[in-house]
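In: Okay, sequence plus prediction incoming.
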Amino acid sequence: MAKILVTGGLGFIGSHTVVELVNAGYEPIIIDNLSNSDIKILDQLTKIIGYKPKFHKLDLSDEPAVKKLAEMEPDVSGIIHFAAYKAVGESVHKPLKYYRNNFFSMLNLLDAYYGKALNFVFSSSCTVYGQPDELPVTESAQVKEAQSPYGNTKQIAEEVLEDMVASGTNYKVISLRYFNPVGAHETALIGELPIGVPQNLVPFITQTAIGKREKLTVFGDDYDTADGSCVRDYIHVVDLAKAHVAALRLMEKPDFTGYDVFNIGTGQGTTVLQIIHAFENATGEKLNYIIGPRREGDVEKVWGDVTKSAHKLGWRAQLGIDEMMQSAWEWEKYIAENPLS
Ligand code: WQD
């Protein structure tokens with residue numbers, strides 16, 4: 001069974017990808033420093049996949065530790081690299097923390113496994129597009145001036161990977177540019193862990209609906225959109241997880257060489273107010289929200305052109321907004337009754 005290293009494998013997207021790797025016949029080996037996840041997710045994953053996946057608690061910015069990992073786990077056929085700090089707002093206040101961790105982690109990993117014929121999947125983000133000039137945004141769109149140090153780490157990491165492949169290496173690399181991942185696994189045993197006050201829309205919605213937050217503030221309704229609120233391309237986290245399996249499969253094909261990049265979204269734009277109404281319709285819950293001022297750094301509207309992913313990656317999102325809202329709500333209720341930490 002092909003072994004796949006999953007860094008950040010106890011995180012939101014990482015844990016869902018571990019499930020899909022097992023479903024696809026791979027053996028995931030989870031690496032996580034637990035800085036933004038909980039060891040109890042390992043037990044949750046065990047309940048879903050039927051066995052306890054291999055786990056190493058490890059900080060990838062610790063070079064000697066990563067070299068030791070490569071000695072302990074030499075025969076991996078691929079790496080899916082999620083491990084990174086990802087809070088946009090925090091990155092503005094603590095840029096060095098973000099540059100150090102996000103770059104050193106990836107460079108240590110690439111160095112430690114250098115020379116092996118590995119398939120490397122990089123967790124990138126639509127944030128590299130900023131506010132696109134044209135919508136839907138395609139992979140060939142100009143990568144814009146990053147809006148945050150977090151976004152900059154994603155942009156520069158993509159360039160590092162492309163340069164590494166161009167220099168002649170037997171790494172094969174695919175960067176997946178995620179749009180907005182939401183929702184949870186159908187078992188409600190894993191989802192977006194509530195650590196601190198949620199920065200993202202959907203966890204804030206579900207925490208408001210369950211009474212953990214008093215109300216949701218919609219950050220602006222004076223944008224040039226259907227109802228004045230921002231537009232995003234929301235994608236179910238299970239669809240997103242499956243895209244990582246598709247990326248490994250593509251790189252396993254003999255005719256795939258080098259580096260490629262794919263948009264991982266649904267191709268549909270949805271406004272904040274439409275998400276709120278979709279949540280209310282899907283769950284029967286009435287949401288307490290107000291309209292507030294715009295949030296600094298928000299782009300007005302972005303959604304992905306997913307033609308290349310459909311044709312070349314052989315992947316397309318299957319789940320709709322309803323399933324995203326229902327699964328997010330089921331997870332919120334589960335975690336309220338079964339607090340993990
Ligand atoms: C979505 C929309 C907000 C909260 C970020 C990162 C991106 C990726 C996904 C890591 C926006 C509005 C939000 C709230 C609101 N993260 N909103 N009230 O900003 O599109 O993307 O998360 O890779 O890199 O930039 O996601 O969920 O924060 O916001 O009105 O309380 O919801 O203004 O329009 P975003 P988000």
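Out: Yep, that arrived.
In: Show me which residues of stretch 115-133 are buried.
Out: 118-130, 132 (16 or more other C-beta atoms under 10 Å). Quick note: C-beta positions are derived from backbone N, CA and C, even for glycine.
In: Repeat that for stretch 75-91.
Out: 76-88, 90-91.
In: same question, stretch 14-27
Out: Buried-residue list, stretch 14-27, by 16+ other C-beta under 10 Å: 14-22, 26.
In: Restrict that stretch to CA atoms and write it as PDB.
Out: Taking Å, rounded to 0.1, in the frame of the first residue of the first chain, the C-alpha atoms of stretch 14-27 are listed here in PDB:
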ATOM      1  CA  GLY A  14      -5.800  17.300   6.500                       C
ATOM      2  CA  SER A  15      -8.000  15.100   8.600                       C
ATOM      3  CA  HIS A  16     -10.700  14.900   5.800                       C
ATOM      4  CA  THR A  17      -7.900  14.100   3.300                       C
ATOM      5  CA  VAL A  18      -6.600  11.200   5.500                       C
ATOM      6  CA  VAL A  19     -10.100   9.700   5.300                       C
ATOM      7  CA  GLU A  20     -10.200  10.000   1.500                       C
ATOM      8  CA  LEU A  21      -6.600   8.600   1.200                       C
ATOM      9  CA  VAL A  22      -7.700   5.500   3.100                       C
ATOM     10  CA  ASN A  23     -10.800   5.200   0.900                       C
ATOM     11  CA  ALA A  24      -8.600   5.300  -2.100                       C
ATOM     12  CA  GLY A  25      -6.300   2.600  -0.900                       C
ATOM     13  CA  TYR A  26      -3.300   4.600   0.400                       C
ATOM     14  CA  GLU A  27      -1.700   4.400   3.800                       C
END
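In: so, in contact with the ligand or not, it?
Out: No - on the criterion C-beta under 6 Å from any ligand atom, stretch 14-27 is out of touch with the ligand, staying 12.5 Å away.
In: Which residues outside that stretch are in contact with it?
Out: Taking C-beta atoms under 8 Å, 6 or more residues apart in numbering as the criterion, the residues outside stretch 14-27 that touch it are 1-4, 6-9, 28, 30, 32, 37, 41, 44-45, 48-49, 53-54, 78, 80, 82-83, 185, 190, 237-238, 240-242, 244-245, 248-249.
In: Now find how far off-centre that stretch is within its chain.
Out: Distance of stretch 14-27 from the chain centroid (C-alpha atoms, centre = their mean, to the nearest Å) equals 15 Å.
In: Quick one: residues in contact with the lowest-mean-pLDDT helix or strand in the chain.
Out: When the helices and strands of the chain are scored by mean pLDDT, DSSP states H and E, helix 88-93 comes last with a mean of 90. Residues outside helix 88-93 that contact it (C-beta under 8 Å, 6+ apart): 85, 97-98, 127, 147-151, 153, 199, 297.
In: mind listing what residue 47 touches?
Out: Residue 47 touches 187, 189, counting by C-beta under 8 Å, 6+ apart.
In: That one - that's part of a strand, no?
Out: No - counting by DSSP: H, G, I helix; E, B strand; the rest coil, one finds residue 47 to be helix, located in no strand.
In: Next one: it, what pLDDT does it get?
Out: For residue 47, the pLDDT comes out at 98.
In: measure it to residue 102 for me?
Out: Using C-beta to C-beta, to the nearest Å, residue 47 is found at 31 Å from residue 102.
In: just residue 208 next, same as before
Out: Going from residue 208 to residue 102 by C-beta to C-beta gives 31 Å.
In: Tell me who's in contact with the closest residue to the ligand within the stretch 51-200 of the chain.
Out: Per C-beta to the nearest ligand atom, residue 200 is where the stretch 51-200 of the chain lies closest to the ligand, at 3.3 Å. Residue 200 is in contact with 180, 182, 192, counting by C-beta under 8 Å, 6+ apart.
In: list the contacts for the second one?
Out: Residue 182 sits next to 192, 200-202, 234-237, 324, 328 when contact means C-beta under 8 Å, 6+ apart.
In: between these, which is closest to residue 215?
Out: The closest of those to residue 215 turns out to be residue 201 (C-beta to C-beta; 13.6 Å).
In: burial count for that closest one?
Out: As a burial measure, residue 201 scores 20 neighbours (other C-beta atoms under 10 Å).
In: isn't it right up against residue 272?
Out: Yes - in this structure residue 201 lies within contact range of residue 272 using C-beta atoms under 8 Å: 6.4 Å.
In: Need the residues touching each of the two.
Out: Listed as contacting both residue 201 and residue 272 by C-beta under 8 Å, 6+ apart are residue 232.
In: coming back round to it: list just the nearest of the contacts of residue 200 to residue 212.
Out: Comparing the contacts of residue 200 against residue 212 with C-beta to C-beta places residue 192 closest, at 13.4 Å.
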